[in-house]
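1. this is a predicted model, with the sequence first.
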Amino acid sequence: MNLEIWSDVVCPWCYIGKRRLESALANFEYADAVSVTWRSFELDPQAPREDAAPLDEVLSRKYGMTIDQARAANARVSALAAVEGLEYHLDRARRANSFDAHRLIHLAAEKGLQDEMKERLMLAHFTETAAIGDPAVLIRIAAEIGLEETEARDVLQTDRFAEEVRSDEAEARSIGISGVPFFVIERKWGISGAQPVEVFSEALATAWATLRAETATG
């Protein structure tokens, strides 16, 4: 059963959604038969590669909040992340362009390390507050999960996987995805947002039962 997930590594709700899906899969009897593919989506494609602006300020400008309101919003999402075992430091994290990070996720997919790369980039951004738009940081992260430094560097110095990222994003637009995370099972069932674990569990069970019934009836 194919499960595609459009998300961004700088999206706090995407990391929460990832954990909740993982919890649902951990209790799904047929989890070994579920193939997960991460699709690219940029929440802030105009972001510079490196930006010293704190996320509180970015949120304030984007949504017309006061700084105090933005800090409170980040504190709320950090508390929800903590429930899922995630440690957010949104007070220290910085705005970043994620395009190159997505290209490396596509490289990792070719090596069977896509999920490891996705997880490591999210950890770097939200917990370690690393500058994931910085090529040196990206190359270090790639090496940590088992990719060759030379190949990661080659990707970042060329336009490799740029078309794959843009294709994912164009596909998202074509099927009406305007926000992430967005989960698609077998191109038939869609789940929008970081839903509770129970929602993911129900969707997996429903999709599996429906597909099994369709197969049985030919």
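-> Arrived safely.

2. drop to CA atoms for contacts and neighbour counts, all remaining ones
-> Fine.

3. where do the strands of the protein begin and end?
-> 2-7, 35-40, 50-54, 94-96, 182-185, 189-192 (DSSP state E).

4. how about a markdown table for those strands, with mean neighbour count added?
-> As requested, those are exported to a markdown table (neighbours: other Cα atoms under 10 Å):
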| stretch | mean neighbour count |
| --- | --- |
| strand 2-7 | 20 |
| strand 35-40 | 19 |
| strand 50-54 | 13 |
| strand 94-96 | 25 |
| strand 182-185 | 22 |
| strand 189-192 | 15 |
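
5. pick out the shakiest of those, pLDDT-wise.
-> Of all the strands of the chain, mean pLDDT reaches its minimum on strand 50-54 (a mean of 75).

6. so how far is it from its chain's centroid?
-> 20 Å (Cα atoms, centre = their mean, to the nearest Å).

7. partners of it, with directions?
-> strand 94-96 (antiparallel) (DSSP bridges).

8. distance of Glu144 relative to Glu169?
-> Counting by Cα to Cα, to the nearest Å, the gap from Glu144 to Glu169 is 27 Å.

9. neighbour count winner among the two?
-> Glu169 (18 against 14; other Cα atoms under 10 Å).

10. which residues does that one contact?
-> Counting by Cα atoms under 8 Å, 6 or more residues apart in numbering, Glu169 touches Arg39, Ser40, Phe41, Glu42.

11. could you find the closest non-adjacent residue to the first one?
-> On the basis of Cα to Cα, 6 or more residues apart in numbering, the spatially nearest residue to Arg39 that is not a chain neighbour turns out to be Trp6, at 4.5 Å.

12. and the longest helix anywhere in the chain, what other elements does it pack with?
-> Ranked by residue count, the top helix of the chain under DSSP state H comes out as helix 197-217. The helices and strands touching helix 197-217, judged by 3 or more Cα pairs under 8 Å, 6 or more residues apart in numbering; DSSP states H and E, are helix 12-26, strand 189-192.

13. mean confidence (pLDDT) on the longest one, please.
-> Right, helix 12-26. For helix 12-26, the mean pLDDT works out to 98.

14. and that helix, which residues are buried?
-> Of the residues in helix 12-26, 12-25 count as buried by neighbour count, 16 or more other Cα atoms under 10 Å.

15. of those residues, closest to Gly64?
-> Closest approach to Gly64 among the buried residues of helix 12-26 (Cα to Cα): Pro12, at 19.0 Å.

16. helices and strands of the chain: which one bottoms out on pLDDT?
-> Lowest on mean pLDDT, DSSP states H and E among the helices and strands of the chain sits strand 50-54, with a mean of 75.

17. what residues does that strand touch?
-> Counting by Cα under 8 Å, 6+ apart, Asp91, Arg92, Ala93, Arg94, Arg95, Ala96, Asn97, Ala131, Gly133, Asp134 sit against strand 50-54.

18. Val155 contacts Leu104, correct?
-> Yes: distance between Val155 and Leu104: 7.3 Å, which falls inside the contact criterion (Cα atoms under 8 Å).

19. ok, residues contacting stretch 126-143?
-> Taking Cα under 8 Å, 6+ apart as the rule, stretch 126-143 contacts 10, 12, 49-50, 86-90, 92-94, 96-98, 100-101, 104, 117, 120-121, 124-125, 148-149, 152-153, 156.

20. switch to 7 Å and redo it
-> Here stretch 126-143 makes contact (Cα atoms under 7 Å, 6 or more residues apart in numbering) with 49-50, 87-90, 92-94, 96-98, 100-101, 124-125, 149, 152-153, 156.
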